[in-house]
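Colleague: Sharing a model that was predicted from the sequence below.
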Amino acid sequence: MTKQSTTPQWRPVLLAALKENQQQNLDYELEELANLAKANNLEPKETFIQSLERPNPATYFGKGKVEELRMAVNSYEADLIVTNDELSPSQIRNLEEATRATVVDRTGLILDIFAKRAQTKVAKLQVQLARLEYQLPRLRTSMSVSLDQQTGAGGGGFTSRGAGETKLEQSRRRLTSEMVAIKKELLALQKDKSTQGKKRQSSDIKTVALVGYTNAGKSTLMNQFLARFGQGAETPARKQVFEKDMLFATLNTTIRQLTLSDKSRFLLSDTVGFVSKLPHHLVAAFESTLQEAADADLLLQVVDVSDEHAEAMMKTTEETLARLGIKDKAMITVYNKADKADMAFPLIDGEAAITISARDRASQDELIALIKKALFADRKEVTLAIPFADSAVVAKLLDDHELLKQDFDEHGTILTLALSAEEINRYEEYIQ
Ligand SMILES: Nc1nc2c(ncn2[C@@H]2O[C@H](COP(=O)(O)OP(=O)(O)OP(=O)(O)O)[C@@H](O)[C@H]2O)c(=O)[nH]1
Ligand SMILES: [Mg+2]
């Protein structure tokens, strides 16, 4: 068999959305949908919007719109319709029948992108689990196969609707047992990880998590910080995370320790980006990946301020965090890509907002200063008198802190350092 060509083949596609009562942000959602389609090598030809109070129970869209779609399918020779919302399995079947095209929804597109990008074993398993959960109720529609496998109406997926009940039951059982197996494997893999997590918690180091809309510049910022403050900074390339101008470049979580020039340290995590209506199954499957954000002492919400939809993207991020049960957490909003937006940078706005350009050194310095203020707000300058017999304590303190002053007397070492409330408690016996 000859190998398939790797050059992307653009496949024509129609986008379709319902505008329900008072729905705002539809423009933004449709632009997002077009981007999600393009990330799957689909070429949006035309967008169809219908205003309806509620979806038509049978075909989702009303009769007239379905007919328009059918005609457009013919004239563009498109065999795919992408819908902005999740349709019920029967709506998909009916719409496919009426238009003679394959119907895919936003969730299907996102799942396929995630499947393409997944690199690590855990990410691959998580995506596969989400996909199976999504497919299970849709076995009788063409959504039960990925876009790569689909050959369009009259071809692969679309015709499988005719499959008999026995075959359907078999598929159902196969999917269910595969899901059970994946869950088991994930559990085993995550067990390893959570023991690592415990180790971290016990070594009282603060954690900071980068969160935000996909493509905002989270990984870029992580790489900039790693190059300057990462361990083994002399070989930064090996430790860099993947950054790229595309949707969902990052799927796995990376956690690295940063050590600043004053010896203060914190852990920084970079993780999967958000998009509106992030599929429920994906959020569930990626819950452990996103756990880093839930456990963090501080969130950095990165926003692409050069995007005209920046505000909607921030709302999306906030909604996704709420869905993850992450609320009332200290957060700094980082308005990134100011260079692209022709805005002044770095520009600090209070203690919780800053406008920057990720690769600009002055921006990084200001952001670090804000992070330090947030993380180490309870630090106080204290003087400790440590007997020579406890030299290990001196070594430990000097390892972790910038030395403000050092003296000696006949009993021991006298250090002046900035300590956290917890440390002041721990070293109480030495404090003068
Ligand atoms: N002009 C400009 N481009 C930037 C800046 N920061 C990041 N980028 C670019 O934006 C694109 C996305 O950057 P990433 O760091 O991969 O974005 P991300 O937030 O990690 O994205 P996901 O992993 O998909 O969630 C890349 O092409 C970066 O080079 C910036 O300050 N200015
Ligand atoms: Mg990234």
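Modeller: Okay, I see it. Ligands and ions are numbered 1, 2, ... in the order given.
Colleague: What segments of the stretch 151-300 of the chain are strands?
Modeller: 207-212, 254-259, 265-270, 298-304 (DSSP state E, counting those that start in this stretch).
Colleague: Reformat those strands as TSV; add mean neighbour count and distance to ligand 2.
Modeller: For glycine as for every other residue, the C-beta is placed from the backbone atoms N, C-alpha and C. Converted to TSV, the strands of the stretch 151-300 of the chain look like this (neighbours: other Cβ atoms under 10 Å; distance: least, Cβ to the ion, whole Å):
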stretch	mean neighbour count	distance to ligand 2
strand 207-212	25	8
strand 254-259	17	9
strand 265-270	22	6
strand 298-304	23	9
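Colleague: Output the ones you listed as TSV; include the columns mean pLDDT and distance to Leu80.
Modeller: Listed next are the strands of the stretch 151-300 of the chain as TSV, based on pLDDT from 0 to 100; distance: least, Cβ to Cβ, whole Å:
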stretch	mean pLDDT	distance to Leu80
strand 207-212	95	30
strand 254-259	91	35
strand 265-270	93	33
strand 298-304	97	29
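Colleague: Give me the residue ranges of the stretch 151-300 of the chain where confidence is low.
Modeller: 151-164, 193-203, 232-239 (pLDDT under 70).
Colleague: tell me which parts of it are close to ligand 1?
Modeller: Taking Cβ under 6 Å from any ligand atom, the part of the stretch 151-300 of the chain that reaches ligand 1 is made up of 214-220, 243-245, 247-250, 273.
Colleague: Among those, which one sits closest to ligand 1?
Modeller: Each of these was checked against ligand 1 using Cβ to the nearest ligand atom; the closest is Gly273, at 2.3 Å.
Colleague: ok, how many other residues are close to Lys244?
Modeller: With neighbours defined by other Cβ atoms under 10 Å, the count for Lys244 comes to 12.
Colleague: Could you chop the chain up by domain?
Modeller: 11-162, 204-375, 380-430 (automatic domain parsing).
Colleague: So for Ala188, which of these sits nearest?
Modeller: Comparing the domains of the chain by their distance to Ala188 (Cβ to Cβ), the top pick is domain 11-162, with 10.4 Å.
Colleague: Do the closest one and ligand 2 come into contact?
Modeller: No: Domain 11-162 does not reach ligand 2 (Cβ under 5 Å from the ion); its nearest approach is 10.3 Å.
Colleague: and that domain, how far from the chain's centre?
Modeller: 22 Å (Cα atoms, centre = their mean, to the nearest Å).
Colleague: Quick check on the closest residue to ligand 1 within the stretch 1-150 of the chain: phi, psi?
Modeller: Distances between the stretch 1-150 of the chain and ligand 1 by Cβ to the nearest ligand atom are smallest at Arg117, namely 8.6 Å. Dihedral angles of Arg117 (phi, psi; degrees, to the nearest 10) stand at phi -90, psi -20.
Colleague: Which among the residues of the stretch 151-300 of the chain next to ligand 1 count as buried?
Modeller: Among those, those classed as buried by 16 or more other Cβ atoms under 10 Å are 214-220, 243, 247-250, 273.
Colleague: Tell me which of those residues fall in helices.
Modeller: Lys218, Ser219, Thr220 (DSSP state H).
Colleague: Contacting ligand 2 as well, which ones from the residues you listed?
Modeller: Lys218, Ser219.
Colleague: Distance to Asp79 for the ones in helices among the buried ones among the residues of the stretch 151-300 of the chain next to ligand 1 - can I get that in CSV?
Modeller: Shown next, in CSV, are these (distance: Cβ to Cβ, whole Å):
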residue, distance to Asp79
Lys218, 36
Ser219, 35
Thr220, 38
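Colleague: Residues in a beta bridge with the closest residue to Phe388 other than its chain neighbours, which ones?
Modeller: Nearest non-adjacent residue to Phe388, counting by Cβ to Cβ, 6 or more residues apart in numbering: Gly412, 4.8 Å away. For Gly412, the beta-bridge partners are Pro387 (DSSP bridges).
Colleague: repeat for Tyr60
Modeller: Assigned bridge partners for Tyr60, using DSSP bridges, are Asn56.
Colleague: Up against ligand 1, what does the stretch 301-432 of the chain have?
Modeller: Residues of the stretch 301-432 of the chain lying near ligand 1 (Cβ under 6 Å from any ligand atom): Val302, Asn336, Lys337, Asp339, Lys340, Ser357, Ala358, Arg359.
Colleague: Contacts only, for the fourth one.
Modeller: When you say that, I think you mean Asp339. Phe345, Ser357, Asp360 (Cβ atoms under 8 Å, 6 or more residues apart in numbering).
Colleague: if I look at Gly412, how far off is ligand 1?
Modeller: To ligand 1, Gly412 is 49 Å away according to Cβ to the nearest ligand atom, to the nearest Å.
Colleague: correct me, but that residue touches Leu384?
Modeller: No: counting by Cβ atoms under 8 Å, Gly412 does not reach Leu384; the two are 9.4 Å apart.
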